[in-house]
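S.K.: task: produce atomic coordinates for the following.
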Amino acid sequence: MDSGHRCERARAWASLRVDDELSQLESALLDAHLRDCASCRAFAARIAASTAAVRDARLLQLPHPVLVPVRRRRAHRGLAGAVVAAAMIAATAAGAVFGLQSAGGHAGTLRPTAMIASGNESTNVFRTLRRAQLIAQSRPLPRNKSFF
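M.R.: Numbers count the residues shown, from 1 in each chain. Take a look at the predicted model:
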C-alpha cells in the first residue's frame, strides 16, 4: 500500500475517532501511523481541535426560523422502475430466443447484450438478466465415458 493511500486512510480514521466511531484495531493502526507521519499527526490535531471548538460553542438563537422546502415524492416512481425492469427482462429474453433461432440453434454464437437500468433498479434485476443470458448461452458439457 503506498503512503498516499495510508495517509488518506489515516485521515479518514482521525475524523472517525473524534466521533468515537473507530474500532480498537483501527485506532491502534492510526496511532502507529501517526507516530511516523507528521503531516497526518498535524491533521489529526487540527480536526480534534476544530471538533472540540464546535462542540464547546454556545448555541445561537436565530431571529427567525429556518424553513426548508419539502420535496414531494411521486407515488408512481416505484411503479416506473418496475415497468423498466420488466421491459428489460422481456427484451433480454426475446433477444436470447431470436438469437438462438437466427444462429441455427447454436447458443455459442450469441453476442453479448448491453444492460441499462435507471438508478432505481436493484442489483437483482442485473442478476436476473445475467442469469437469463448465461442460460441462453450455455452448452451441455461433453461427457467423457471413461470417467462414468
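S.K.: ok, residue 15 to residue 6 distance?
M.R.: 15 Å (CB to CB, to the nearest Å). All C-beta atoms are positioned from the backbone trio N, CA, C, and that covers glycine.
S.K.: one more: residue 53?
M.R.: 28 Å.
S.K.: and those two? which has more neighbours close in?
M.R.: Neighbours were counted for residue 53 and for residue 6 using other CB atoms under 10 Å; residue 6 has more, 15 against 9.
S.K.: which other residues reach the strand or helix carrying the more buried one?
M.R.: Assigning secondary structure by DSSP states H and E places residue 6 in helix 3-17. Applying CB atoms under 8 Å, 6 or more residues apart in numbering, the external contacts of helix 3-17 come out as 22, 26-27, 29-30, 33-34, 37, 39-40, 43-44, 47-48.
S.K.: format those residues as JSON lines; extra columns: pLDDT.
M.R.: Rendered in JSON lines, the data for the contacts of helix 3-17 read as follows (pLDDT from 0 to 100):
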{"residue": "22", "pLDDT": "90"}
{"residue": "26", "pLDDT": "92"}
{"residue": "27", "pLDDT": "93"}
{"residue": "29", "pLDDT": "94"}
{"residue": "30", "pLDDT": "95"}
{"residue": "33", "pLDDT": "95"}
{"residue": "34", "pLDDT": "96"}
{"residue": "37", "pLDDT": "95"}
{"residue": "39", "pLDDT": "95"}
{"residue": "40", "pLDDT": "95"}
{"residue": "43", "pLDDT": "96"}
{"residue": "44", "pLDDT": "96"}
{"residue": "47", "pLDDT": "94"}
{"residue": "48", "pLDDT": "94"}
